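Visitor: turn this into a model:
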Amino acid sequence: MAGSLGATLNLPAAAAAESVSGYIYRDLNNDGVRDVDEPGLRGVVIRSGPRSTITDVNGYYVFADVIGTINLRADAGWFRTQCTASYSGPSSGSNYTSSCPDPGFGAGGDQDFRVDNQLLTATVASGGTASLGLTPDWTGSGYSDYSTQPDDANAVDPALRLSPGYRLPGAQVDCHHFVCRPGETQWSLTQWLNQGTAALKRLRAVVTAAPGSTITHVRPYYGHGAGSGHTITGYTVTDATTGSLLTVGIAGALSSPATRIKVKLVGRLLPASEYLTDVAYRMDEDASFSDGNHDGLPDCDASTGAAYPGQSCDKATDSSPGSYITYGAIIKMRPQTDADAIFCPRVPDSCPVLGVHNKTLGGDSNDAAAWKVDSTYP
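Guide: Sure, this is the predicted structure:
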């Protein structure tokens, strides 16, 4: 035996489990450093894979027993401060608040999250910290009015944001590369954001199916841990065309597919927080393919996301030719006011320009999501 020969077997030490923690706070002076007078934000859900936690009254969160490096995401409704790169945010003078680069570029020591399409994420090693400075939406119509001061914040400010391609975990993988085939299902993440400083109650929204599709499922998004918007206790779904209350079954399946639904949240949405739902749109089996140049040939290959020979497969948007578009809009809440939005229950009819991604436009309580369609049935 090895021991009888006097040999010593050196095994690698097991990696020690440590915690990851941080603060989510209101960055009153836009410097990315938490000062003594800057309050923490309670009720923000922080996620890491299947785990989740909620910030306390001081804005503090912690994940125990962390080994190695983990990814974090903050379910926050406010904007990250210190977005200084081009196409990144308010302090740069850009029209867009939905994207910020990785921390750095002069960011403060307590600014550790990046932003992509208003999804705030960070990467941190065990034993490390990751904090996030935020600011509510502000009064005014553009970035010339940008301010993080309390007197300039909007008190009541809901927003809705739609993002296609966020498939509910466990659901069948359809619609690759933002291109669907007839009969496939596209999932779209719906972010209910509280961008103001007052809690919101009785939030209601209308969501429309893209022509050539029907809405088949609505359920909370569990992609980063159980639950979201921890003070929201449930929701109801109504067929907006018939007025019928729809039963929500296993995995969010609706008792009857619909082309237009109303969703009502139960509970309060706290300032700086968000609630996430996932909505499924099943393409009709006879849905027509995207034909942006009207030559009778499909534009986009669902297998690769690339254009077919001789065609152009532009990114799907609410303005690009051949896009299938779904719309969503906040239509009611308490308090029943919003300084920078017009509620439009008939969305997209009679609505202001969709401004959720662009602060200089009105209508940040509504949004659109889009994808393209190929011709081949699976």
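
Visitor: shaky segments in this structure?
Guide: Residues of the chain that meet the criterion pLDDT under 70 lie in 1-15, 84-105, 117, 140-144, 222-230, 339-340, 353-363, 377-378.

Visitor: tell me the centre residue of it?
Guide: Centrality entry for the chain: nearest residue to the mean C-alpha point is Gln191, 4.6 Å, by CA atoms, centre = their mean.

Visitor: tell me which residues touch that residue, please.
Guide: Gln191 sits next to Gln118, Ala159, Leu160, Arg161, Leu162, Ser163, Glu274, Tyr275, Leu276 when contact means CB atoms under 8 Å, 6 or more residues apart in numbering. From N, CA and C alone the C-beta is placed, and that goes for glycine too.

Visitor: now do the domain split for this structure, please.
Guide: Domain assignment for the chain by automatic domain parsing gives 18-152, 158-373.

Visitor: how far away is the residue nearest to the centre of the chain from Tyr166?
Guide: From Gln191 over to Tyr166 the distance is 10 Å, taken as CB to CB, to the nearest Å.

Visitor: repeat for Leu200
Guide: Per CB to CB, Leu200 is found 23 Å from Tyr166.

Visitor: quick check: His176 touching Ala306?
Guide: No: His176 is beyond contact range of Ala306, at 11.2 Å (criterion: CB atoms under 8 Å).

Visitor: those two: who's more crowded?
Guide: His176 (16 against 12; other CB atoms under 10 Å).

Visitor: leaving out sequence neighbours, find the closest residue to that one.
Guide: Excluding its sequence neighbours, the residue lying closest to His176 (CB to CB, 6 or more residues apart in numbering) is Ala302, at 6.0 Å.

Visitor: for Val347, same thing?
Guide: Nearest to Val347 is Ala329, by CB to CB, 6+ apart, at 3.9 Å.

Visitor: buried stuff in the helix or strand harbouring that neighbour?
Guide: Taking DSSP states H and E as the definition, one finds Ala329 inside strand 324-334. Neighbour-count burial for strand 324-334, with 16 or more other CB atoms under 10 Å as criterion, is recorded at Tyr324, Ile325, Thr326, Tyr327, Gly328, Ala329, Ile330, Ile331, Met333.

Visitor: dump the residue contacts of the fifth one.
Guide: With contact set as CB under 8 Å, 6+ apart, Gly328 has these partners: Leu160, Leu162, Thr190, Ala205, Val206, Val207, Thr208, Val347, Asn366, Asp367, Ala368, Ala369.

Visitor: ok, and the closest non-adjacent residue to it?
Guide: Val207 (4.5 Å).

Visitor: the residue nearest to His176: neighbour count?
Guide: For Ala302, the count of nearby residues is 22 (other CB under 10 Å).

Visitor: my guess is it contacts Gly183. True?
Guide: No: using CB under 8 Å as the test, Ala302 is too far from Gly183 to be in contact (11.4 Å).

Visitor: and Ser188, what are its bridge partners?
Guide: Beta-bridge pairing of Ser188, defined through DSSP bridges, involves Pro164, Val279.

Visitor: any chance you could map the strands in the stretch 101-250 of the chain?
Guide: 114-116, 119-125, 132-135, 158-164, 179-180, 185-194, 200-208, 213-220, 232-239, 245-246 (DSSP state E, counting those that start in this stretch).

Visitor: relative to strand 324-334, how tilted is the longest one?
Guide: Put plainly, it is strand 185-194. With axes from the mean of the first three to the mean of the last three CA atoms, to 10 degrees as the basis, strand 185-194 and strand 324-334 are set at 30 degrees to each other.

Visitor: over to the second one?
Guide: Angle, strand 119-125 to strand 324-334, by the same axes, to 10 degrees: 90 degrees.

Visitor: counting by contacts, list what strand 119-125 packs against.
Guide: Here strand 119-125 touches strand 18-26, strand 69-75, strand 114-116, going by 3 or more CB pairs under 8 Å, 6 or more residues apart in numbering; DSSP states H and E.

Visitor: repeat that for 7 Å
Guide: strand 69-75 (3 or more CB pairs under 7 Å, 6 or more residues apart in numbering; DSSP states H and E).

Visitor: please apply the same query to the fourth one.
Guide: Taking 3+ CB pairs under 7 Å, 6+ apart as contact, the helices and strands that strand 158-164 lies on are strand 185-194, strand 200-208, strand 324-334, strand 366-373.

Visitor: repeat that for the first one.
Guide: Contacting strand 114-116 under the criterion 3+ CB pairs under 7 Å, 6+ apart are the following elements: strand 99-100.

Visitor: if we use 8 Å, what do you get?
Guide: On a contact count with 3+ CB pairs under 8 Å, 6+ apart, strand 114-116 meets strand 99-100, strand 119-125.

Visitor: can you list the strands that that strand pairs with?
Guide: strand 99-100 (antiparallel), strand 119-125 (antiparallel).

Visitor: how far does the last one sit from the chain's center?
Guide: Its chain's C-alpha centre and that of strand 119-125 lie 15 Å apart, by CA atoms, centre = their mean, to the nearest Å.

Visitor: relative to strand 158-164, how tilted is that strand?
Guide: Relative orientation of strand 119-125 versus strand 158-164 (the same axes, to 10 degrees): 70 degrees.

Visitor: spatially nearest residue to the residue nearest to the centre of the chain, not counting backbone neighbours?
Guide: Computed as CB to CB, 6+ apart, the closest residue to Gln191 that is not its neighbour in sequence is Arg161, at 4.2 Å.

Visitor: and that neighbour, how many neighbours?
Guide: Neighbour number of Arg161 under other CB under 10 Å is 23.

Visitor: with Pro150 instead?
Guide: Pro150 has 12 neighbouring residues, counting by other CB under 10 Å.

Visitor: do the one 3 residues further on as well
Guide: The number of residues packed around Ala153, counting by other CB under 10 Å, is 21.
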